[in-house]
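> Here's a sequence, model it:
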Amino acid sequence: MSILKPATSSWEYLADGTIVVGDEVIHVHPNMPSWVVSANMQRRVNRSPWGDRVFVLSLTDRCNIKCDFCCHPYQNSELAKLDCIRLVREACDLDFDEICVTGGEPYLRRDLIYELATICKDRGKLFGSITNGFWACDRRRAFTFAEEMITQGVTRVTFSWDPSHGAFVSAQTIKNGIDACMNAGMRVCLTGSFKDKDDIHANHGIDVSEYLRYSNFAVVTSYVSPAGWGKSLTDNYHAPVNDDEVRSFRCPGHDGEELVVYAQDGLVQPCCSVYA
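Next up is the predicted model:
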């Protein structure tokens with residue numbers, strides 16, 4: 001029997017986590033709260049032809065790890081709390097599908113994340129976050145945190161992990177976080193930037209095969225050269241640098257048109273950081 005069927009859309013949510021959209025059947029984790037399902041389906045119905053409309057707010061450049069492809073750890077700047085609250089309130093009044101926080105490591109400001117997520121929840125907006133997952137080192141505590149997150153209004157968590165992160169955050173810690181957030185009924189993504197094109201998360205002990213059947217889980221991998229913390233851009237750049245490229249270098253790990261941003265001291269912030 002349908003427990004959720006908004007009048008404005010032609011889909012229904014069944015109690016076992018099955019969503020029926022016309023002839024299409026979608027499976028989400030059965031613990032996903034109905035209000036989160038409803039918000040995600042409304043996002044699907046209203047999706048722009050140009051893709052998702054996500055407002056991303058970088059709460060802080062501070063980070064508790066120092067990956068070799070990221071520049072954030074040598075910066076300490078962060079947005080003021082009142083500015084974050086004002087920006088999120090204004091974003092909620094605009095035509096965004098989701099409000100998302102990133103960093104640095106945004107969960108260094110956990111209380112602020114909860115305040116922003118609550119604002120979004122009260123206004124019916126989805127709220128996402130990206131994290132290195134450090135807070136999930138204790139498995140039992142990770143499950144407590146995840147239940148706290150969903151209650152406050154955090155509807156998506158993206159875990160960023162790869163061998164560079166692995167020097168600071170264990171693969172088991174990430175698995176704890178994924179298990180906890182899936183159990184809480186969030187959308188969960190596992191992402192990572194690998195240096196070897198044959199490398200994947202499973203090679204490092206992060207087995208997520210049990211979640212691949214759920215549409216609220218995704219794995220995203222990219223492949224980049226180390227460029228960032230303590231690294232000079234020209235050490236990794238694959239072609240001679242001319243004056244026209246000074247502020248628009250291509251990412252050294254890609255052959256495409258992805259850009260990197262670099263600070264005045266020459267250290268690099270790759271596109272994977274900018275668009276996290």
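
> Would you map the strands across the stretch 101-250 of the chain?
126-131, 156-160, 187-194, 217-223 (DSSP state E, counting those that start in this stretch).

> Ok, which of the ones you listed comes nearest residue 64?
Comparison of the strands of the stretch 101-250 of the chain against residue 64 by C-beta to C-beta identifies strand 126-131 as nearest, at 10.7 Å. Glycine gets a C-beta too; all of them are placed from N, C-alpha and C.

> list the contacts for the nearest residue to residue 189 once chain neighbours are set aside?
Nearest residue to residue 189 in three dimensions, chain neighbours excluded: residue 158, at 4.2 Å (C-beta to C-beta, 6 or more residues apart in numbering). Contact analysis of residue 158 by C-beta atoms under 8 Å, 6 or more residues apart in numbering lists 128-131, 188-191, 276.

> so how far does stretch 102-111 reach from one end to the other?
The first and final residues of stretch 102-111 sit 14 Å from each other (C-alpha to C-alpha, to the nearest Å).

> Show residues contacting it.
So stretch 102-111 is contacted by 56-65, 72, 75, 78, 113, 129-132, 134-135, 276 (C-beta under 8 Å, 6+ apart).

> Identify whichever of the strands of the stretch 101-250 of the chain lies nearest to residue 52.
strand 126-131 (9.9 Å).

> What pairs with that closest one, parallel or antiparallel?
Strand pairing for strand 126-131, using DSSP bridges, gives strand 98-102 (parallel), strand 156-160 (parallel).

> okay, those strands in JSON lines with mean pLDDT and distance to residue 87 next?
Shown next, in JSON lines, are the strands paired with strand 126-131 (pLDDT from 0 to 100; distance: least, C-beta to C-beta, whole Å):
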{"stretch": "strand 98-102", "mean pLDDT": "93", "distance to residue 87": "9"}
{"stretch": "strand 156-160", "mean pLDDT": "96", "distance to residue 87": "18"}
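
> nearest to residue 45, of the strands of the stretch 101-250 of the chain?
strand 126-131 (13.2 Å).

> What's the mean pLDDT across the closest one?
Regarding strand 126-131, the rounded mean pLDDT is 96.

> got any ranges where the chain has weak pLDDT?
Low-confidence segments of the chain (pLDDT under 70): 1-9, 48-51, 68-75, 224-276.

> switch to 80 and redo it
Within the chain, the stretches with pLDDT under 80 are 1-10, 15, 45-52, 67-77, 195, 197, 222-276.

> Please enumerate the helices of this structure.
Ranges of helices in the chain, per DSSP state H, are 34-45, 81-92, 110-122, 139-152, 163-166, 171-184, 233-236, 271-274.

> Of the ones you listed, which is nearest residue 220?
helix 271-274 (10.3 Å).

> could you dump the strands of the stretch 101-250 of the chain to CSV with distance to residue 32?
Shown next, in CSV, are the strands of the stretch 101-250 of the chain (distance: least, C-beta to C-beta, whole Å):
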stretch, distance to residue 32
strand 126-131, 12
strand 156-160, 11
strand 187-194, 8
strand 217-223, 11
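
> Quick check: which of those is nearest to residue 177?
Across those, closest to residue 177 is strand 156-160 (C-beta to C-beta), at 5.7 Å.

> Is the residue lying closest to residue 126 once chain neighbours are set aside bridged to anything, and to what?
Of all residues not flanking residue 126 in the chain, residue 98 sits nearest, at 4.2 Å (C-beta to C-beta, 6+ apart). Per DSSP bridges, residues listed as beta-bridge partners of residue 98: residue 54, residue 126.

> Surely residue 17 is in contact with residue 28?
Yes: assessed by C-beta atoms under 8 Å, residue 17 is found in contact with residue 28 at 5.0 Å.
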